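# 3D, please:
(2 chains)
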Amino acid sequence: MSKVLMKGNEAFAEAAIRAGCSCYFGYPITPQNEIPEYMSHELAKAGGKFIQAESELAAVNMAYGAAASGGRAFISTSSPGLALMQEGLGFTASCEVPIVALNVSRGGPGVGGIQPGQADYFQVTRGGYNGDVRIPVFAPSGIQECVDLIYSAFDIAEEYRNPVVIFADGMMGQMMEPVELPPKKPIADDAEIARTKPWAITGTDAHEGRNVVFSLRLQPDVLEAHVEHMFEKYARAERELVRYSTSNLEGAEIVFVAFGTMSRLCAEAIELLAEKGVKAGLIRPISLWPFPDAAFDEIGPEAKVLISTELSMGQMIQDVKNAAAGRWPVRLISRTGGVVPSSLEIVDRALKHLQEVQGK
Amino acid sequence: MKLKMFFAGSGGQGTLAIGQMIAKAAMDEGKEVTWLPSYGPEMRGGTANCTVVVSDKPIACPLINEADLLVVMNLPSLLKFEPMVVPEGLLMVNSSLVPEKAKRSDIRAVYVPADEKARELGSGKAANIVMLGAILKETGIVSPESIRAQMKKMFSGHKAKFLPMNEAAFRLYLEGDSAPS
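Below is the predicted model of the structure:
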């Protein structure tokens, strides 16, 4: 299949359609407005339903209802919008309803700005929902990877009966790269839903007795048993959903840890450092939860410092320190508010960190 | 081969569009490409810039620190971005809207009266395509036929009537005299 040059947001929407998404609910917010725009004219052509909700709260709860009745539901938003959707994500997790949410993130806090940001790291990995919930989160560093992640996210969500979040920072949504689109899967019909989702609320013609999707469990021991059941799934997710890539780790003195846009800048910083005779490598977490602790075992004996490189004041660094487990000093390079540093700035600051840990 | 390009102008000038046409044409020719826009919330009048990287190899980073080619469609863009051109790099200036010359002597500057020439052809809106023809003449970054294939897609359906004028705008410097340096 030939490649097409597509704007990230349009490619993400098309990826969802090709994954067999049957319904999309959205509320406009920059920098992801091309997604609802694209869905508004393309999803219906593919046999799906598009609704522009009256708010982000409405959008997530429409997805909750549609997915509870067996739909392949997709929602997209940007940072402040995702904050509004947190309750819905917690409820769908508790109810074991699979939905896929895409966050094309921007600078915060509050309404913040419209330029790229990664300060939603805590929001997507720790959440703003109540209770014991984990949500698998995948962060792409390019448009092809984001398309592939969205395409597989629906299967993961349905297999685990849990929401899945794709965390693509604003630059991914706005940029264009060549992309090969995956084949179109059909939207599941009622018989298919009844067969593959026997728990779904599809009416008593489709299943024996009454199906109920709920999160209220007033008996503490019943609720505890339900949470333990959820955590059996999360333990499996920690074994099966870890995704990462590493590059140039062999002999690296500096090891950057970065995802999304920042990993692209680090890749260039590594080339610039090599020109100066300094070996640097990169660990790129793709799954932010479960965090790829195993990647850190690939770090060589030459490593002097790990540098968490983030478009936030330092959030992922907590997971980096946890994974490093005291084996290396961990430092931070960060810009926030929508400011994206140059690769030259990263090189400069990385060299300073290297000198500092070497006591120079 | 890796070429880093930066196109700067104001919203409505078609600056992002010519960057996109070069990126698509290069992709059709089998190159790796990235196109990254940067603009304000305005539909018209705000700043509108884009970075295009074309390479034989996968592109690590779509953001650039320096440009092999800088195209400025208005004066603020010249004042702001001239320093990012690499030594010996190429600066292309829309001299219809930029009354000043480049300050640096270590780069090559080409002055294209894009708006003026486009108006002579019938519409100032084709200024970006006049510039695009001049860019191809100076750099040969992609083949004219790859760009013509893009133009046929862009100016189709109810926009097909604009194709002849844009073709004329494209040919003006591509096949005519060079713009003054």
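
# For the chain, which segments count as helices?
Went with chain A since none was named. Counting by DSSP state H, the segments of chain A that form helices are A:8-18, A:34-42, A:56-68, A:79-95, A:121-125, A:143-160, A:170-174, A:190-196, A:220-240, A:260-275, A:317-324, A:343-357.

# ah, no, chain B please
Per DSSP H, chain B carries helices over the ranges B:15-28, B:75-81, B:114-121, B:127-139, B:144-154, B:163-174.

# and the angle for the helix or strand of chain B with the lowest mean pLDDT with helix A:143-160?
Counting by mean pLDDT, DSSP states H and E, the weakest-scoring helix or strand in chain B turns out to be strand B:32-39, with a mean of 93. Angle between the axes of strand B:32-39 and helix A:143-160 is 90 degrees (criterion: axes from the mean of the first three to the mean of the last three CA atoms, to 10 degrees).

# Give me every residue in chain B lying close to chain A.
Remark: the part of chain B in contact with chain A comprises B:20, B:23-24, B:27, B:32-37, B:41, B:60-63, B:65, using CB under 8 Å from any CB of the partner chain. Heads up, the C-betas are built off the backbone N, CA and C, glycines and all.

# can you tell me which residues contact residue A:281?
If a contact means CB atoms under 8 Å, 6 or more residues apart in numbering or on different chains, then residue A:281 has A:246, A:247, A:248, A:249, A:250, A:252, A:254, A:255, A:256, A:270, A:299 as its contacts.

# Setting aside sequence neighbours, what's the nearest residue to the fifth one?
Okay, so that is residue A:250. Nearest residue to residue A:250, sequence neighbours excluded (CB to CB, 6 or more residues apart in numbering or on different chains): residue A:300, at 5.7 Å.

# The one you found: neighbour count?
In terms of burial, residue A:300 registers 13 neighbours under the definition other CB atoms under 10 Å in any protein chain shown.

# does it really touch residue A:253, like I thought?
No. At 9.3 Å, residue A:300 does not count as touching residue A:253 under the criterion of CB atoms under 8 Å.

# what is the orientation angle of the least confident helix or strand of chain B with helix A:260-275?
Computed by the same axes, to 10 degrees, the angle between strand B:32-39 and helix A:260-275 is 120 degrees.

# Show me what strand B:32-39 is packed against.
For strand B:32-39, the packing partners by 3 or more CB pairs under 8 Å, 6 or more residues apart in numbering or on different chains; DSSP states H and E come out as helix A:170-174, strand A:176-179, helix B:15-28, strand B:47-55.

# Can you tell me which of those is nearest to residue B:120?
Relative to residue B:120, the nearest member of these by CB to CB is helix B:15-28, separated by 19.2 Å.

# helices or strands up against the closest one?
Contacts of helix B:15-28 with other secondary structure elements, assessed using 3+ CB pairs under 8 Å, 6+ apart, are made with strand A:4-7, strand A:176-179, strand B:2-10, strand B:32-39, strand B:47-55, helix B:127-139, helix B:144-154.

# Alpha carbons of that helix, in PDB - could you do that?
This file holds the C-alpha atoms of helix B:15-28, laid out as PDB (Å, rounded to 0.1, in the frame of the first residue of the first chain):
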ATOM      1  CA  THR B  15       3.000  30.100   2.800                       C
ATOM      2  CA  LEU B  16       2.100  26.800   4.500                       C
ATOM      3  CA  ALA B  17       0.600  25.600   1.200                       C
ATOM      4  CA  ILE B  18       3.800  25.800  -0.800                       C
ATOM      5  CA  GLY B  19       5.700  24.100   2.000                       C
ATOM      6  CA  GLN B  20       3.100  21.300   1.900                       C
ATOM      7  CA  MET B  21       3.300  21.000  -1.900                       C
ATOM      8  CA  ILE B  22       7.100  20.600  -1.700                       C
ATOM      9  CA  ALA B  23       6.700  18.000   1.100                       C
ATOM     10  CA  LYS B  24       4.100  16.000  -0.900                       C
ATOM     11  CA  ALA B  25       6.100  16.200  -4.100                       C
ATOM     12  CA  ALA B  26       9.300  15.000  -2.300                       C
ATOM     13  CA  MET B  27       7.300  12.100  -0.700                       C
ATOM     14  CA  ASP B  28       6.000  11.100  -4.200                       C
END
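
# List the contacts of that helix.
Outside helix B:15-28, the residues that reach it (CB under 8 Å, 6+ apart) are A:3, A:5, A:176, A:178, B:5, B:7-9, B:33-35, B:37, B:39, B:48-52, B:54, B:71, B:73, B:128-129, B:131-132, B:135, B:141-143, B:146-147, B:149-151, B:154.

# ok, now with 6 Å
Residues from elsewhere that reach helix B:15-28 (CB atoms under 6 Å, 6 or more residues apart in numbering or on different chains): A:5, A:178, B:7, B:9, B:33, B:35, B:37, B:48, B:50, B:52, B:54, B:73, B:128, B:132, B:142, B:146-147, B:150.

# Point out the residues in the stretch 51-200 of chain A that sit beside chain B.
Taking CB under 6 Å from any CB of the partner chain, the part of the stretch 51-200 of chain A that reaches chain B is made up of A:174, A:175, A:176, A:177, A:178.

# hmm, back to that, off-centre distance for the least confident helix or strand of chain B?
Taking the mean of its C-alpha atoms, strand B:32-39 sits 13 Å from the chain's own mean (CA atoms, centre = their mean, to the nearest Å).

# Same question for stretch A:27-42.
Averaged C-alpha coordinates place stretch A:27-42 at 18 Å from its chain's average position (CA atoms, centre = their mean).

# So residue B:6 versus chain A, what's the distance?
With distances taken as CB to the nearest CB, to the nearest Å, residue B:6 is found 13 Å from chain A.

# With residue B:142 instead?
Residue B:142 sits 13 Å away from chain A, taking CB to the nearest CB as the criterion.

# In terms of pLDDT, where does the closest residue to that residue other than its chain neighbours sit?
Counting by CB to CB, 6+ apart, the nearest residue to residue B:142 once its immediate chain neighbours are dropped is residue B:25, at 4.0 Å. With respect to pLDDT, residue B:25 scores 97.

# Tell me how many other residues crowd residue B:25.
Neighbours of residue B:25 under the rule other CB under 10 Å: 26.

# Over to residue A:279?
Residue A:279 is flanked by 18 other residues according to other CB under 10 Å.

# my read: it touches residue A:254, true?
No. The criterion here is CB atoms under 6 Å, and residue A:279 misses it with residue A:254 at 7.5 Å.

# Now do the shared contacts for those two.
When contacts are counted by CB under 6 Å, 6+ apart, the set common to residue A:279 and residue A:254 is empty.

# wait, doesn't residue A:269 sit right on residue A:345?
No. Taking CB under 6 Å as the contact criterion, residue A:269 and residue A:345 are not neighbours in contact, 8.8 Å apart.

# got the domain boundaries for chain A?
Listed by automatic domain parsing, the domain ranges of chain A are A:4-197+A:228-240, A:245-357.

# is it possible to export these to TSV including mean pLDDT?
Written out in TSV, the entries for those read as follows (pLDDT from 0 to 100):
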stretch	mean pLDDT
domain A:4-197+A:228-240	97
domain A:245-357	97
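
# Please name the bridge partners of the spatially closest residue to residue A:102 that is not a sequence neighbour.
Ranked by CB to CB, 6+ apart and with sequence neighbours excluded, the top spatial neighbour of residue A:102 is residue A:76, at 4.0 Å. Using DSSP bridges, the beta-bridge partners of residue A:76 come out as residue A:26, residue A:102.
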